[in-house]
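Q: Sequence first, predicted model second:
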Amino acid sequence: MNERTSPTERYARGFAAALIAVATLVLAANAGPARAANDAKPTAQIHQTEQAEQTQQVHRTRHSD
């Protein structure tokens, strides 16, 4: 027959399961997409840099007139 587990053991198992679940969620939230080894900058940062340079060029052209 099955023995009844003590309340302390049930709470300990529940706490351990909750701790593992939280740790798994935290690790999954911090995992990001992998970058290529030879990629110096992320693509979004490259586009932001290009847009900033274009904006600066436009401002320079307008102020030089």
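A: Cool, got the structure.

Q: least trustworthy helix or strand in this protein by mean pLDDT?
A: The helix or strand of the chain with the poorest confidence is helix 43-64; it has a mean of 68 (mean pLDDT, DSSP states H and E).

Q: Run a quick neighbour tally on residue 6.
A: For residue 6, the count of nearby residues is 9 (other Cβ atoms under 10 Å). Any C-beta I mention is one placed from the backbone N, CA and C, and that applies to glycine too.

Q: distance of it from residue 26?
A: 30 Å (Cβ to Cβ, to the nearest Å).

Q: what does residue 9 give?
A: 26 Å.

Q: Give me the pLDDT value at residue 34.
A: On pLDDT, residue 34 comes in at 67.

Q: quick check: longest helix of this structure.
A: Longest helix in the chain, counting residues (DSSP state H): helix 7-30.

Q: now residue 4, what's its secondary structure?
A: Under DSSP: H, G, I helix; E, B strand; the rest coil, the three-state class of residue 4 is coil.
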